[in-house]
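> sequence and computational prediction follow.
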Protein chains: 6
Amino acid sequence: MKKTVLLIEDDPLILMDVEAALIDEGFEIITAENGTLAIEAFEADASRIDAVVTDIRLGTGPSGWDIGHRVREAVPSMPLVYMTGDSSHEWEAHGVPFSVMVSKPFVHAQIITALATLMNNPDQT
Amino acid sequence: MKKTVLLIEDDPLILMDVEAALIDEGFEIITAENGTLAIEAFEADASRIDAVVTDIRLGTGPSGWDIGHRVREAVPSMPLVYMTGDSSHEWEAHGVPFSVMVSKPFVHAQIITALATLMNNPDQT
Amino acid sequence: MKKTVLLIEDDPLILMDVEAALIDEGFEIITAENGTLAIEAFEADASRIDAVVTDIRLGTGPSGWDIGHRVREAVPSMPLVYMTGDSSHEWEAHGVPFSVMVSKPFVHAQIITALATLMNNPDQT
Amino acid sequence: MKKTVLLIEDDPLILMDVEAALIDEGFEIITAENGTLAIEAFEADASRIDAVVTDIRLGTGPSGWDIGHRVREAVPSMPLVYMTGDSSHEWEAHGVPFSVMVSKPFVHAQIITALATLMNNPDQT
Amino acid sequence: MKKTVLLIEDDPLILMDVEAALIDEGFEIITAENGTLAIEAFEADASRIDAVVTDIRLGTGPSGWDIGHRVREAVPSMPLVYMTGDSSHEWEAHGVPFSVMVSKPFVHAQIITALATLMNNPDQT
Amino acid sequence: MKKTVLLIEDDPLILMDVEAALIDEGFEIITAENGTLAIEAFEADASRIDAVVTDIRLGTGPSGWDIGHRVREAVPSMPLVYMTGDSSHEWEAHGVPFSVMVSKPFVHAQIITALATLMNNPDQT
């Protein structure tokens, strides 16, 4: 009965921090620490996922850009938020339409506002 | 001295839940449990109301779509948020311009972000 | 192989003027001089129609606002442009989301830009 | 490691209220009580400031409109939120592009949503 | 019965070129070759003017930025298009909200699309 | 002194048709009939190119999606218009932010409006 967010981040401190903030807002969270696990989690239960929040640089395996392409192939209107410290300049080239790029460091309100705006307007920024 | 929201919902549990969330954000709330009472409350004191949040299916009497048309006739720039479980596919046909449709189930942040965005930009989405 | 516009206007001079301008841009045009004929033309071949341009006050029968609701019930993403001399203040109450209101008098470029923008972005303004 | 907001307001009660709300959201705050002090604070450390929130009428010295022009000359993409009780009708003439006008009285969510939206989209509203 | 544009440009070749393009689209044109004459023309008959297109650097007297502030003080929703060769980087600091900046060299379609979009949406970009 | 568009299309009839329409609007055109030639043309003189209009399916070699990623890596704010008959459903997954998808068949005004809008607002849709 809630909105479920797939949250992907390889830094465990940031993962825990963002997870706690989203739980506080009433979201259910599925976490993944790298791109391979993220794709597995998504494909295991895509219909349950309402939005994806992903870091860009995730070590070996798919990057956040790759994850964005994959989830939008499956669900073209999926709300998608990227978080990054040093890859924000690549968003215009590798991000997908109607996504939001949040630059680290960020306040939680940036992630929450991005998610709420995209969920309210699934086909528009 | 506060912003006042007219909140219309015939399910008392959802009404109480959303009312509490909006009070928590500092809004003053006027509630109505059906469309007839909503129109009465609006017409009794339209100048006091800063935004309208309404369910769509409200039993007998005016629906949320009807309420939207009525309040915009009186106040063309009135911020307007619809909440619905099963009528979101009707928004493109029966919603008004510069309104937001929030699909149930939702997190409170979706209603609050919609209200804040519309209040900050009364004539734009 | 072309884009087809359903054009509804009860003033024959304006109808001919806008029709000629749209043909000049490469559109195919189906015309209707009142709301009843417009609904008939739409229902006879909705899948062929790519956009609707309609006057608001159309004498007896459905108004432009009524036509907007009807075509969006059938095709939620239908591009929709309203033209009006004296009803533009009603658009916030009776227009549909992601539509464009063009106030008379207008230059042809206003209609053409509105159509092109809506066709390029069927679910956004 | 946080986002820093320059907050300018000559009414100490409103200043303290908004400051507390922004600190609660995780922002770092630099405050100024008039336009001259605001410009000094901005020029002392512009690279540290991530957004500006300013009242319009600030007594003698630069107004909020003047501050907007000054910070955008230095940083064209600076997120900028104006708060005002009686000058909102001047925004179309004296505000800058991609800024947000919040009318008093407001709820905190309006300021926070405006800041988050502008920070997420530095070159768009 | 037409839409009238106040066109301000101190380079006579560009003035004639843009004037001819706008006349070709059905606009009526009032021209001014510097800022002082532009303000005079605007104040002589503001109610007749539907949009303003202005160069930025206009020699002595008011600049295009000054003209933008002045016409928006009189008519907050006035559609406004700036044309410039070397001042486009100043738009975020000195332009007004809901205006369009067109960089020289431009094709006529850029001015016409900007005007049509702003006229169709007087309070939004 | 003009705006230059790189136009990529493997169907020679469509290529000639769109090229003629864009020349008619005052654009200079560089054409390429497949993705390999397009990348070569872009890299030979990227600073001269003001916008890219590309078909999606281009036979062997890079697709229109690949071209979009490549030109945005070099120039993040490059205006980009995709034309396609059967790949428009892939845009949400493989298009880049602030691009426009035009579905075939189209009228020329759709391409021209998309180009003009993107050139006027290089970092926004």
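Looks like it arrived, so ask away.
> interface residues of chain A facing chain D?
A:100-102, A:105-110, A:112-114, A:117, A:125 (Cβ under 8 Å from any Cβ of the partner chain). To be clear about C-beta, it is placed using only N, CA and C from the backbone, and glycine gets the same treatment.
> try 10 Å
If contacts are counted using Cβ under 10 Å from any Cβ of the partner chain, the residues of chain A sitting beside chain D are A:21, A:81, A:88, A:100-114, A:116-117, A:125.
> just the buried residues from the residues you listed, in ChimeraX please.
Listed next is the ChimeraX selection for buried residues among those, using 16 or more other Cβ atoms under 10 Å in any protein chain shown:
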select /A:21,81,88,100,101,102,103,106,107,108,109,110,111,112,113,114,116,117,125
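> show me which of the residues of chain A next to chain D neighbour chain B.
Counting by Cβ under 10 Å from any Cβ, the subset of the residues of chain A next to chain D that neighbours chain B consists of A:Ala109, A:Ile112, A:Thr113, A:Ala114, A:Ala116, A:Thr117.
> out of the residues you listed, which one sits closest to chain E?
Distance from chain E was checked for each of these by Cβ to the nearest Cβ. The minimum falls on A:Thr117, at 16.7 Å.
> that closest one contacts B:Val102, correct?
No: applying Cβ atoms under 10 Å, one finds A:Thr117 not in contact with B:Val102, separated by 11.3 Å.
> mind listing what the residue nearest in space to the middle of chain A touches?
Per Cα atoms, centre = their mean, the C-alpha nearest to the average position across chain A is that of A:Val53, at 1.2 Å. When contacts are counted by Cβ atoms under 10 Å, 6 or more residues apart in numbering or on different chains, A:Val53 touches A:5-9, A:18-19, A:22, A:27, A:29, A:64, A:79-83, A:100, A:102, A:111, A:114-115.
> chain F next: which of the residues you listed are close?
When Cβ under 10 Å from any Cβ is taken as the criterion, the members of the contacts of A:Val53 that contact chain F are A:Leu80, A:Val100.
> are any of the contacts of A:Val53 buried, and which?
Judged by neighbour count, with 16+ other Cβ under 10 Å as the criterion, the buried members of the contacts of A:Val53 are A:5-9, A:18-19, A:22, A:27, A:29, A:64, A:79-83, A:100, A:102, A:111, A:114-115.
> can you name the residues of chain A sitting close to chain F?
For chain A, the residues found near chain F under the criterion Cβ under 10 Å from any Cβ are A:65, A:68-78, A:80, A:89-101, A:123-125.
> so of the contacts of A:Val53, which ones are in helices?
Counting by DSSP state H, these place A:Val18, A:Glu19, A:Leu22, A:Gly64, A:Ile111, A:Ala114, A:Leu115 in helices.
> A:Ala46 contacts A:Leu6, doesn't it?
Yes: assessed by Cβ under 10 Å, A:Ala46 is found in contact with A:Leu6 at 9.3 Å.
> quick one on the thing from earlier: tell me which of the ones next to chain B among the residues of chain A next to chain D is nearest to F:Glu40?
Using Cβ to Cβ, A:Ala114 is the member of these that lies nearest F:Glu40, at 38.2 Å.
> ok so, going back, got any residues that touch both of A:Thr117 and B:Val102?
What both A:Thr117 and B:Val102 touch, as defined by Cβ under 10 Å, 6+ apart, is the set B:Gln110, B:Thr113, B:Ala114.
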